[in-house]
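Enquirer: Just to be clear, the model below is a prediction. Sequence and coordinates:
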Number of protein chains: 2
Amino acid sequence: MSTKRKDDLFWIKEALQEALKSGNDVPIGAVIVCDGKIIGRGYNKREQECDISAHAEIIAIKQAEKTINNWRLTDAIIYTTLEPCPMCAEAIIQSRLAKVIFGAYDPINGAAGSSINLFDKNRKCYIPEIIGGINEIDCKKILVEFFSKRR
Amino acid sequence: MSTKRKDDLFWIKEALQEALKSGNDVPIGAVIVCDGKIIGRGYNKREQECDISAHAEIIAIKQAEKTINNWRLTDAIIYTTLEPCPMCAEAIIQSRLAKVIFGAYDPINGAAGSSINLFDKNRKCYIPEIIGGINEIDCKKILVEFFSKRR
């Protein structure tokens, strides 16, 4: 599924808007887009919800599944501000999302190659397309600012 | 955290009871035990809930987090009938569960070494203890029966 760079920038900025809602949680946001419309949104709520699975991507996936009443998100793209962790990467793979576009790389726990690679084409399962580093500077900046304020 | 083989068998049988509730979903069950009590239970509800994240382990983790009002399940053990997939394995790791005990191995998508190993001690994160193959025959049997009925 090919997307225009201009569109990718537009949607990753929407994901950034989600990230800004995270409050006391690490600011990470995601949107899921299908046919030019957002069908799922989410921001990190781990602390707020006291739930390890309340990552932006999982919340967006759950909302998208409800929107189209199907857990197979075959025709949709997920835009997320940070490289997905292994939990979210596998949720993305299992939900058959067509494509993953992310902003900042996560050297600590990124599962698209930075720490581990769950999107390895040699795995015996469906693997979506993946592009990283879209609007990387802004996506990284909100994280750096968040952690510098906490110190 | 050391556990007695007799206790492990007892709790994995509780997880099996959960698995039997899965209905039209692939029968997989999990319980989370802390100080000799179950603080979280779950069975696979992917189809029932139309939710890719509704795996037994994630549901049990969410319930346990609510029970103790903390996403850090540091003193608890998860018993699951099937080797966790990468999504559940990472949820287990991030929730700091002390130990993972599972029944059947999953050569297709098991993330404790059968397909991929997220519990690799070389990863730069907390890794729980892990034991597989407890009551393996019964845990595998319900899966084999489920899939043979579907054919």
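Expert: Yes, it's here.

Enquirer: Please, where are all the helices along chain A?
Expert: Along chain A, counting by DSSP state H, helices occupy A:5-19, A:46-49, A:56-68, A:86-94, A:136-150.

Enquirer: In CSV: these, plus mean pLDDT.
Expert: Supplementary listing: these in CSV, determined by pLDDT from 0 to 100:
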stretch, mean pLDDT
helix A:5-19, 95
helix A:46-49, 97
helix A:56-68, 98
helix A:86-94, 98
helix A:136-150, 96
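
Enquirer: Between these, which one is closest to B:D106.
Expert: Smallest distance to B:D106 across the helices of chain A (Cβ to Cβ): 13.0 Å, for helix A:86-94. (Glycine included, C-beta is placed from N, CA and C.)

Enquirer: ok, which residues in chain A are in contact with chain B?
Expert: A:46-47, A:50-53, A:58, A:61-62, A:65-66, A:69-71, A:85-87, A:89-91, A:94-95, A:108-109, A:115-116, A:118, A:123-125 (Cβ under 8 Å from any Cβ of the partner chain).

Enquirer: From the residues you listed, keep the buried residues only.
Expert: Among those, those scoring as buried are A:46, A:50-53, A:58, A:61-62, A:65, A:71, A:85-87, A:89-91, A:94-95, A:109, A:115-116, A:118 (criterion: 16 or more other Cβ atoms under 10 Å in any protein chain shown).

Enquirer: Of the helices of chain A, which is nearest B:C139?
Expert: Nearest of the helices of chain A to B:C139, taken as Cβ to Cβ: helix A:86-94 at 21.0 Å.

Enquirer: Endpoints of stretch A:60-78, how far apart?
Expert: Using Cα to Cα, to the nearest Å, one end of stretch A:60-78 lies 8 Å from the other.

Enquirer: And for stretch A:48-67?
Expert: Taking Cα to Cα, stretch A:48-67 runs 24 Å from one end to the other.

Enquirer: next one: it to chain centre, how far?
Expert: Remark: stretch A:48-67 is offset 11 Å from the chain centroid, using Cα atoms, centre = their mean, to the nearest Å.

Enquirer: Repeat that for stretch A:62-82.
Expert: 11 Å.

Enquirer: Mind pulling up the pLDDT for the nearest residue to A:K13 once chain neighbours are set aside?
Expert: Residue nearest to A:K13 in three dimensions, not counting chain neighbours: A:N135, with 6.7 Å by Cβ to Cβ, 6 or more residues apart in numbering or on different chains. Per-residue confidence (pLDDT) for A:N135: 97.

Enquirer: Surely A:N135 and A:W11 touch.
Expert: No: with contact defined as Cβ atoms under 8 Å, A:N135 does not count as touching A:W11 (9.7 Å).

Enquirer: Can you report how many residues neighbour A:I38?
Expert: A:I38: 19 surrounding residues under other Cβ atoms under 10 Å in any protein chain shown.

Enquirer: what sits against it?
Expert: The neighbours of A:I38, taking Cβ atoms under 8 Å, 6 or more residues apart in numbering or on different chains as the test, are A:14, A:31-32.

Enquirer: Tell me who's in contact with the residue lying farthest from the centre of chain A.
Expert: What lies farthest from the middle of chain A is A:R151; by Cα atoms, centre = their mean that is 25.8 Å. By Cβ under 8 Å, 6+ apart, the contact list for A:R151 is empty.

Enquirer: go on, A:D35?
Expert: When contacts are counted by Cβ under 8 Å, 6+ apart, A:D35 touches A:D75.
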